[in-house]
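1. Dropping the sequence and predicted coords here.
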Number of protein chains: 2
Amino acid sequence: MNENPLVTKLGNFVDLQADDLQLIRAWSLPAIRLATGTTFIAEGDRPERICLLLEGWGYRYKTLRDGNRQILAFLLPGDMCDLHAFILSKADHDIAMLTDATVAFVSGKDVMQAVDSHPRLTRALWWSTLVDEGIAREWIVNLGRRRAVHRVAHLFCELWLRLRMLGMTSDGEFLFPLSQEVLSDAVAMTPVHVNRMLRELRERNLLEFRDKHVAIPDVGRLMSFVDFDPSYLQLERRDLSGDLRHLRS
Amino acid sequence: MNENPLVTKLGNFVDLQADDLQLIRAWSLPAIRLATGTTFIAEGDRPERICLLLEGWGYRYKTLRDGNRQILAFLLPGDMCDLHAFILSKADHDIAMLTDATVAFVSGKDVMQAVDSHPRLTRALWWSTLVDEGIAREWIVNLGRRRAVHRVAHLFCELWLRLRMLGMTSDGEFLFPLSQEVLSDAVAMTPVHVNRMLRELRERNLLEFRDKHVAIPDVGRLMSFVDFDPSYLQLERRDLSGDLRHLRS
DNA sequence: CGATAGTTTGATATCCTTCAAAACCTGTGG
DNA sequence: CCACAGGTTTTGAAGGATATCAAACTATCG
């Protein structure tokens, strides 16, 4: 967690070289504090700069006309929150902070220049947007085909692995700063029912809650409870064998 | 529909230059016929080549251990079916054909070389994966927050617009080769309930079915019925004003 | 014409929502 | 240190949307 979280994340895909690292570190300054609840991208915005999340939790969501909100993704340190909005030139959903956070704003021009001159970095950024897409697809499966208990449990498995990769877990537990209402908008249920499902998970000894922390007594048991398949998170270092070796280095 | 569908699609984002076009056209040969039901990517595969869909319908899906299937996306002409699987080096879901189809296989090496040498084309491909991500996110909203009737109606709005962009609609109608069972796996309902929702849409004069075609008597009415917001499909040509102009051309 | 897949309808079961209220926290001011 | 206010969590009871089960009907194709 001392390393720049974007470096940690992209390093999972390519061996970044000195100049790539320098670029990323330059992007990460100056660090800016944002308060819980700050919306920094609203649907329809045409962002001029890209927000890199360095610390704290954010989320993407859409609000329907009837006021219902669906959370599309949780944003964790290392995530470039609105890269897609910049590339597509127009945001199709809102992004806001769930906790106090620190971010850095990178000018879009800088990123696009880097894209044109650093193919290795470009591929790494592209890769990271594809991982996000994979997460979105698994979210579809979760909402479409899993029962309430499993839906909630699946989300905790995902968060566990993403946070662990960032070094933000310790001893089978992590900081979980979200209210049950926020959770309910992520798993598409009522807060009341989320509450009951959490109780069930507690009673099955799959999860424990203290202060604002979740503990997972036995990660393996939780994962087998939901039949969790982590491959969509692309956590294993890319395999270097095969045709691609010459493209890296 | 005479133009190469990938050119049509990417042309929506950048003005492709002669060499980009040449490359894409070269990718599109030789054209290969695939029969309905062919699976060409299974979860865990590490594809060496990328499949470009030229004609017909495909779909992405995941199958859970209990046998339930969730369709993640429909693939239409111009879609590079497994680009992400190639970039990520491992497929996290299956891809198969819903109709007879014609495709072209591009070697991954060729694509990656193009990526390193044609920044404009790279950005266009990246853009197209981001549009797919936007579609996936809207799918999340659809499954999470819309009632059955609206869920089905929303899907037809999306298909209408995507097909129209490709010139595959005529006169308020299009070829819809899917069974209600396939549809039910896309909208996460039982086939029985899909059937009832289709009846309701028919009774409301929002949709009509003949042979294997759907007709939408009044697209505007269908869209306002679901409160459909097309912005996630990124159909408007990218706005050329602002900081970005120098990056294009 | 029969076989097979897809569509349609009905009756009953269930998961989740909705509505309502109590209990519990957390911070704040007196 | 207590009282109080606002948000969050928890519990209960009843209703509704969708699933499940079962079967008839229809279309298509050899």
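-> Perfect, I can see it now. Numbering: from 1, shown residues only, chains lettered A, B, ... in the order given.

2. Please count neighbours and contacts with C-alpha atoms only from this point.
-> Fine.

3. quick one, phi psi at the residue nearest the centre of chain A?
-> By Cα atoms, centre = their mean, chain A has its centre lying nearest to A:Leu75, at 3.8 Å. Dihedral pair for A:Leu75: phi -100, psi 130, per degrees, to the nearest 10.

4. and it, what is it in contact with?
-> Listed by Cα atoms under 8 Å, 6 or more residues apart in numbering or on different chains, the contact set of A:Leu75 reads A:Leu53, A:Trp57, A:Gly58, A:Tyr59, A:Arg60, A:Cys81.

5. Make JSON lines out of the residues you listed and add neighbour count, pLDDT and secondary structure.
-> JSON lines is the format used below for the contacts of A:Leu75 (neighbours: other Cα atoms under 10 Å in any protein chain shown; pLDDT from 0 to 100; DSSP: H, G, I helix; E, B strand; the rest coil):
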{"residue": "A:Leu53", "neighbour count": "27", "pLDDT": "95", "secondary structure": "strand"}
{"residue": "A:Trp57", "neighbour count": "22", "pLDDT": "96", "secondary structure": "coil"}
{"residue": "A:Gly58", "neighbour count": "24", "pLDDT": "96", "secondary structure": "strand"}
{"residue": "A:Tyr59", "neighbour count": "20", "pLDDT": "96", "secondary structure": "strand"}
{"residue": "A:Arg60", "neighbour count": "22", "pLDDT": "96", "secondary structure": "strand"}
{"residue": "A:Cys81", "neighbour count": "24", "pLDDT": "91", "secondary structure": "coil"}
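
6. can you name the two of those residues that are farthest apart?
-> Using Cα to Cα, the contacts of A:Leu75 span at most 12.8 Å, a distance reached by A:Leu53 and A:Arg60.

7. The nearest residue to the residue nearest to the centre of chain A once chain neighbours are set aside pairs with what?
-> In this structure, A:Leu75 finds its nearest non-sequential neighbour in A:Gly58, 4.6 Å apart by Cα to Cα, 6 or more residues apart in numbering or on different chains. For A:Gly58, the beta-bridge assignment (DSSP bridges) gives partners A:Leu75, A:Met97.

8. Against B:Val141, how distant is A:Gly58?
-> Here the criterion is Cα to Cα, to the nearest Å. By it, A:Gly58 lies 18 Å from B:Val141.

9. buried ones in stretch A:204-215?
-> Neighbour-count burial for stretch A:204-215, counted by 16 or more other Cα atoms under 10 Å in any protein chain shown, picks out A:Leu206, A:Leu207, A:Glu208, A:Val214, A:Ala215.

10. Those: which ones sit near chain B?
-> With Cα under 8 Å from any Cα of the partner chain as the criterion, no member of these is in contact with chain B.

11. Show me those that map onto strands.
-> A:Glu208, A:Val214, A:Ala215 (DSSP state E).

12. by how many degrees do the longest helix anywhere in chain A and helix B:119-145 diverge?
-> Secondary structure of chain A per DSSP state H: the longest helix is helix A:119-145. Using axes from the mean of the first three to the mean of the last three Cα atoms, to 10 degrees, the direction of helix A:119-145 lies 20 degrees away from that of helix B:119-145.

13. what residues are up against A:His213?
-> A:His213 touches A:Glu173, A:Phe174, A:Leu175, A:Phe176, A:Pro177, counting by Cα under 8 Å, 6+ apart.
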